[in-house]
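[1] How does the following fold in three dimensions:
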Amino acid sequence: MKTKIFKQAEIDQAVELLKNGELVAFPTETVYGLGALATNEQAVKNVYLAKGRPSDNPLIVTVNGLEMVKEYALEIPEDAQKLVKKFWPGPLTMLLKVKPGTLPNAVTGGLKTVAFRNPDDQLTNELITKLGKPIVGPSANTSTKPSPTTCEHVYHDLQGKIAGIIDGGETKVGLESTIIDLTVDPYVVLRPGRITSHELSACLGKDVLLNRGKPADGEIPKAPGMKYRHYAPSCPVWIVDKPADFEKLPLSAEVGVAACSDILSKLDLADSQIYDLGKNLESADQHLFASLRYFDQNSEIKKIFVQGFDQGEASYAYMNRLNKAASGQHFKK
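    Numbering: from 1, shown residues only. I've put the predicted structure just below:
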């Protein structure tokens, strides 16, 4: 299969491919998603095959607004409507009860819930509007690998496995959306993202908890990213918790370092051994996955050290992804 790259003027071609059961990757403000018509069970199953993704890992349903959610959600509580008004389109995914018979088990993982998201991306909203139906939207990468934040990342992982990729340039946020479970009381953030539980609590006028556990063995996760290994390059990753600790690293030609500009300026490493995460946490969010991919494609790099952040809830999403990429390993000297 030849994987075609689509520009904005070619959206109609991508729509036809999706209608015919093909897979097309699409841009969002967070990461690129792998699209298939959400009501086409075989197409959805092909998403799992293309990614090498465990089939008990439910998929997010990507929509162009609340009206489309109404076709597939059993009910839309008032609090969901408040969140839509405040945060959609944007990096927030809401878990709701699914209307029986509207979506295949391949989407829901056999659960009675389904996650909905309306991304803040013009191309993708145009795609869904022209399609007239929602698409599934897991990250468009090989399962367990760092999520893709450019069209080139998607092509690297999935060329020959999917029909097309809509090129929307580099993503703006860089980490997957916040997922809030609205089917429980109190509400729980299942996956942290740019929108914090504090912001959600402020919008709703009630406490929103932050999940810190993971599903038990044999239990189906309610949302993506809760159970399986994620975001990891081929070689091991260590988290460096304090800026001063970078000067203690065992530097060699096999070491790659991803950190903010001020830290990298103090290290004696070749350009190919460093990845600049920018000046602050927000830019580090945007470039974390790209840094892991950068070193993963350099066969000379055998160890990766990445800057950690401790800035309260603002850094939860970043550290959630980095901890998974590093399997919880922290640099100790």
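[2] Relative to Asn141, how far out is the spatially most central residue of the chain?
    Geometric centre of the chain, nearest residue: Glu176, 3.1 Å, by CA atoms, centre = their mean. Distance from Glu176 to Asn141, counting by CB to CB, to the nearest Å: 11 Å. In this view, the C-beta of every residue, glycine as well, is placed from N, C-alpha and C.
[3] Report the buried residues of stretch 18-29.
    Across stretch 18-29, burial judged by 16 or more other CB atoms under 10 Å covers Leu18, Glu22, Leu23, Val24, Ala25, Phe26, Pro27, Thr28, Glu29.
[4] which regions of the protein sit below the pLDDT cut-off?
    Applying pLDDT under 70 to the chain flags residues 55-56, 213-230.
[5] Now Ser283: which helix or strand?
    helix 281-296 (DSSP states H and E).
[6] Give the pairing partners of the helix or strand that comes right after that helix; include direction for each.
    Where DSSP H and E defines the elements, the next helix or strand beyond helix 281-296 is strand 303-307. With DSSP bridges as the test, strand 303-307 is paired with strand 237-240 (parallel), strand 255-259 (parallel).
[7] Going C-terminal from strand 303-307, what's the next secondary structure element?
    Taking DSSP H and E, what comes next after strand 303-307 is helix 316-325.
[8] packing partners for that next one?
    With contacts defined as 3 or more CB pairs under 8 Å, 6 or more residues apart in numbering; DSSP states H and E, helix 316-325 has these neighbours: strand 237-240, helix 281-296.
[9] hey, what's in contact with both of Glu176 and Asn141?
    Common neighbours of Glu176 and Asn141, using CB atoms under 8 Å, 6 or more residues apart in numbering, are Ser147.
[10] which ones are touching the closest residue to Ser315 other than its chain neighbours?
    Excluding the flanking residues, the one nearest Ser315 by CB to CB, 6 or more residues apart in numbering is Phe309, at 4.0 Å. Shown in contact with Phe309 (CB under 8 Å, 6+ apart): Leu281, Ala284, Ser315, Tyr318, Met319.
[11] ok, Phe309 to Ala259 distance?
    As for Phe309, its distance to Ala259 is 11 Å (criterion: CB to CB).
[12] Then Ala115?
    Using CB to CB, Ala115 is found at 33 Å from Ala259.
[13] and what of Ile179?
    Going from Ile179 to Ala259 by CB to CB gives 28 Å.
[14] related to what we said a few turns ago, which parts of the helix holding Ser283 are buried?
    By neighbour count with 16+ other CB under 10 Å, helix 281-296 contains the buried residues 281, 284-296.
[15] If we only consider these, which is nearest to Asp268?
    Phe295 (17.8 Å; CB to CB).
[16] which residue packs closest to the closest one, ignoring adjacent ones?
    The shortest distance from Phe295 to any non-neighbouring residue, by CB to CB, 6+ apart, is to Gly256 (4.0 Å).
[17] any idea where the helices of the protein begin and end?
    11-19, 41-51, 66-69, 78-87, 105-108, 122-131, 151-158, 197-204, 261-264, 281-296, 316-325 (DSSP state H).
[18] Can you spell out which helices and strands pack onto the first one?
    Spelled out, that is helix 11-19. So helix 11-19, by 3+ CB pairs under 8 Å, 6+ apart, packs with strand 4-6, strand 24-26, strand 33-37, helix 122-131, strand 164-166.
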